[in-house]
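Q: What follows is a predicted structure for the sequence shown.
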Amino acid sequence: MTDTHKKILFRYYSDLLEDTVVETMWAEIIDLEKGYYKLDNIPFFGPLIATDDIFYAEYDEDEELLVYKKTIETSGNSIVQVIILEKGFDKEIIREKLKVVNCESEGMNETLFAVEVIREVDYSVVKSILNEYVDLSIIDFGEPCLSEKHRADLIKN
């Protein structure tokens, strides 16, 4: 993986944790000379970046790693964070439902997972699945990185 990918460090303020967080994620090398990379991970804490977005990163001497600087081109993908509120609820039930509508997710622990909503997916469908569980007080969710396309899905439905 290291021939085509690099580990990139992201440092940002997380609304979810109400703190500055550091997250390292894999990115595909697009142009090493220019420092352009394409995100190949689902972010957990919600920087304003989604999978397949192209961004600029540069090497930081102090961190001894490549560090994210800015997004160059957005993919149209979105990231949604889901937190399980009901003690003992199996998050895999919701993750499976989302997988059926073509949304991959990554679990961080028993109560938190991040969902990748690719551009082609109608976000209103995803949001209605999530809202079912919100109404039951099982989960809450955040939309740290909602693309223009997915915002439009909500307006037209």
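A: Right, received. Where do you want to start? Residues are numbered from 1 along each chain as shown.

Q: which residue of this protein sits farthest from its center?
A: residue 61 (26.9 Å; C-alpha atoms, centre = their mean).

Q: how close does it get to residue 67?
A: 10 Å (C-beta to C-beta, to the nearest Å). For every residue, glycine as well, the C-beta is placed using N, CA and C.

Q: Residue 143 now?
A: Applying C-beta to C-beta to residue 143 and residue 67 gives a distance of 25 Å.

Q: Equivalent analysis for residue 140, please.
A: Applying C-beta to C-beta to residue 140 and residue 67 gives a distance of 31 Å.

Q: and the strand ranked longest in the chain, which strands flank it?
A: Longest strand of the chain, by residue count under DSSP state E: strand 19-31. According to DSSP bridges, strand 19-31 forms sheet pairs with strand 5-14 (antiparallel), strand 36-39 (antiparallel).

Q: Give me the contacts around the longest helix that the chain contains.
A: Counting by DSSP state H, the longest helix found in the chain is helix 123-135. Here helix 123-135 makes contact (C-beta atoms under 8 Å, 6 or more residues apart in numbering) with 78, 80, 82, 94, 97-98, 101, 103, 115, 117, 139-141, 146, 149-151, 153-154, 156-157.

Q: which secondary element of this protein has the worst mean pLDDT?
A: strand 5-14 (a mean of 90; mean pLDDT, DSSP states H and E).

Q: Put the alpha carbons of that one into PDB.
A: Below are the C-alpha coordinates for strand 5-14, written out as PDB (Å, rounded to 0.1, in the frame of the first residue of the first chain):
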ATOM      1  CA  HIS A   5      -0.500   5.500  -0.700                       C
ATOM      2  CA  LYS A   6       0.800   7.700   2.200                       C
ATOM      3  CA  LYS A   7      -0.300   8.200   5.800                       C
ATOM      4  CA  ILE A   8      -1.500  11.800   6.200                       C
ATOM      5  CA  LEU A   9      -2.000  13.600   9.500                       C
ATOM      6  CA  PHE A  10      -5.200  15.700  10.000                       C
ATOM      7  CA  ARG A  11      -5.500  18.100  12.900                       C
ATOM      8  CA  TYR A  12      -8.800  19.900  13.300                       C
ATOM      9  CA  TYR A  13     -11.500  20.900  15.700                       C
ATOM     10  CA  SER A  14     -14.200  18.200  16.300                       C
END
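
Q: What about residue 58, how many residues nearby?
A: For residue 58, the neighbour count with other C-beta atoms under 10 Å is 9.

Q: Tell me which residues touch the residue lying closest to it once chain neighbours are set aside, please.
A: Among residues not flanking residue 58 along the chain, residue 35 sits closest, at 5.4 Å (C-beta to C-beta, 6 or more residues apart in numbering). Residues near residue 35 by C-beta under 8 Å, 6+ apart: 56-58, 66, 69.
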